[in-house]
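# Structure for the following, please:
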Amino acid sequence: MSAIPHLRPAVLAEDRIRVHAQHRPDLPSAERRTAGCTAPAIAASVPVLRRFARGVAARWGLPDGVDDALGLVVSELVGNAVRHSGGRDVGLLLSADRSTLAVDVKDNGRWLLRPGRPRHEDELVCGGRGLDIVEACALRCVVHTRRDGTHVYAEIPLGL
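Model (predicted):
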């Protein structure tokens, strides 16, 4: 049971933005949807943000199977922010067009574990594979670490 039974993310926005032809010539009148929220950077926020993301996918009518990949990606990226950033909050932004679902996770902490740092073999026994899982589900995954926090961007194919 969660230490915070009524934890709910602060929903920032959910809207539809018209994607203009000059941005995506392959989608002349495509619609881009976005939804975002923030939550405290605590372990209880991982399932809350995962449920939020899967609920958004259901409301948007995304193809079958996308919600499973989305659940894994959000769990791994939010879990990394909670475990490694030391920040107070974690933000999640989802956006979709006809071909991809973008997942943005941002934190405002200073990561304790830097990408590319050499690891000992025993560290991989119980973890250390999160970004590998994300990369297996995504078309691409990019990590930007800055002084004011970390931003991780992943794109999940929609198979359309």
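
# which helices and strands does the longest helix belonging to the chain pack with?
Longest helix in the chain by number of residues (criterion: DSSP state H): helix 66-84. Applying 3 or more Cβ pairs under 8 Å, 6 or more residues apart in numbering; DSSP states H and E, we find helix 66-84 packed against helix 45-60, strand 89-96, strand 100-107, helix 130-137, strand 149-157. Glycine gets a C-beta too; all of them are placed from N, C-alpha and C.

# any residues touching that helix, and which ones?
Applying Cβ atoms under 8 Å, 6 or more residues apart in numbering, the contact partners of helix 66-84 are 41-43, 45-47, 49-50, 53-54, 57-58, 62, 87, 90, 92, 101, 103, 105-107, 109, 111-113, 130-131, 133-134, 137-138, 150, 152, 154, 156, 158-159.

# Please name the nearest non-neighbouring residue to Asp104.
Spatially, and ignoring its direct neighbours in sequence, Asp104 is nearest to Leu93 (4.1 Å; Cβ to Cβ, 6 or more residues apart in numbering).

# I'd guessed the one you found sits against Thr38; true?
No. Using Cβ atoms under 8 Å as the test, Leu93 is too far from Thr38 to be in contact (9.6 Å).

# Now do the contacts for Gly91.
If you count contacts by Cβ under 8 Å, 6+ apart, then Gly91 has 12, 36-38, 104-107 around it.

# Let me know the secondary structure of Pro63.
Following DSSP: H, G, I helix; E, B strand; the rest coil, the label given to Pro63 is coil.

# how close does it get to Ala57?
In this view, Pro63 and Ala57 are 9 Å apart by Cβ to Cβ, to the nearest Å.

# So for these two, which residue has more residues nearby?
More crowded of Pro63 and Ala57, by other Cβ atoms under 10 Å: Ala57, with 22 against 12.

# Can you tell me how far the more buried one is from Leu70?
5 Å.

# which residues are in contact with both of those two?
Counting by Cβ under 8 Å, 6+ apart, the residues touching both Ala57 and Leu70 are Leu101.

# Contacts only, for Ala53.
Contacts of Ala53 (Cβ under 8 Å, 6+ apart): 70-71, 74, 92, 94, 103.
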